[in-house]
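Asks: need a 3D model of the sequence below.
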Amino acid sequence: MIKSDLYWSSNIKEYEIDDSWSKHPFYSSKEYIEYRKKWNLVSQGKLLNDFPLNIELEPTYYCNLKCPYCPRGVNAGERKSQHMNPIIWEKILKECKENKMPSLQMDHEAESMMNPKFFDMLKDATNAGILDTWLHTNGQMLSEKNAIKLIDNGLKKLNISIDAFKEKTYEKLRVGGNYKKLIENIHNFLNLKKNMMLVI
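Replies: The predicted structure follows:
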């Protein structure tokens, strides 16, 4: 393991604030269980699949924050800030559907919801039969309107990057972000999910 991998594995933590997803019938379905079995085998180097089980793509390279440690800032100018070309998206989705790919991460270094077509892309992925759609977000755009769209369009996993416990630390690390707005968005999202009687 190289030093950077060691740093990330020992210092970066994820915390699950709502485990109700695991009780949803979707996660006990035959398709989901089979996909997760394959995932475990692939991650252990015990299975070489004909087509990826998961791909991670960038719907946009725009972001609403300017975090000092983000590759977007550190490597400024290496990539253009632009939205994914719809033709490229259609080609990717077609291949994923034809090969029955079960999982898609719609995020990487930017804020995916800044692409005005993002929610359509999410709906397209769900309609294409992709079981497990993921979004990693900074949470600033997680308004009630957007939260409803995420749930309605089939999102299964939502990761929110916060990187700080206190407001003062947060606003140093997540430059341009609003800590109070973020916390409010998270609570509103969880309440909305519960009230809609859906689990993502």
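Asks: helices or strands next to the longest strand along the chain in the packing?
Replies: The strand of greatest length in the chain, counted in residues with DSSP state E as the criterion, is given as strand 132-137. Contacting strand 132-137 under the criterion 3 or more Cβ pairs under 8 Å, 6 or more residues apart in numbering; DSSP states H and E are the following elements: strand 103-106, helix 118-127, strand 157-160. Every residue, glycine included, has its C-beta placed from N, CA and C.
Asks: at 10 Å instead, please
Replies: Judged by 3 or more Cβ pairs under 10 Å, 6 or more residues apart in numbering; DSSP states H and E, the packing partners of strand 132-137 are helix 30-43, strand 54-57, strand 103-106, helix 118-127, helix 144-152, strand 157-160.
Asks: what ranges in this structure fall below the confidence cut-off?
Replies: Filtered on pLDDT under 70, the chain yields the residue ranges 1-12, 74-77, 197-200.
Asks: so which strand or helix has Trp89?
Replies: Counting by DSSP states H and E, the element that carries Trp89 is helix 86-98.
Asks: output that helix as PDB - backbone C-alpha positions only.
Replies: The C-alpha atoms that make up helix 86-98 are tabulated as PDB, following Å, rounded to 0.1, in the frame of the first residue of the first chain:
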ATOM      1  CA  PRO A  86     -25.200  14.100 -23.600                       C
ATOM      2  CA  ILE A  87     -24.000  12.000 -26.600                       C
ATOM      3  CA  ILE A  88     -21.300  10.500 -24.400                       C
ATOM      4  CA  TRP A  89     -23.800   9.900 -21.600                       C
ATOM      5  CA  GLU A  90     -26.100   8.100 -24.000                       C
ATOM      6  CA  LYS A  91     -23.300   5.800 -25.300                       C
ATOM      7  CA  ILE A  92     -22.200   5.000 -21.700                       C
ATOM      8  CA  LEU A  93     -25.700   4.200 -20.600                       C
ATOM      9  CA  LYS A  94     -26.400   2.000 -23.700                       C
ATOM     10  CA  GLU A  95     -23.300  -0.100 -22.900                       C
ATOM     11  CA  CYS A  96     -24.300  -0.300 -19.200                       C
ATOM     12  CA  LYS A  97     -27.800  -1.400 -20.100                       C
ATOM     13  CA  GLU A  98     -26.600  -4.000 -22.700                       C
END
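Asks: just want the angle from it to helix 118-127.
Replies: Inter-element angle recorded for helix 86-98 and helix 118-127: 20 degrees (by axes from the mean of the first three to the mean of the last three Cα atoms, to 10 degrees).
Asks: no further queries at this time; thank you.
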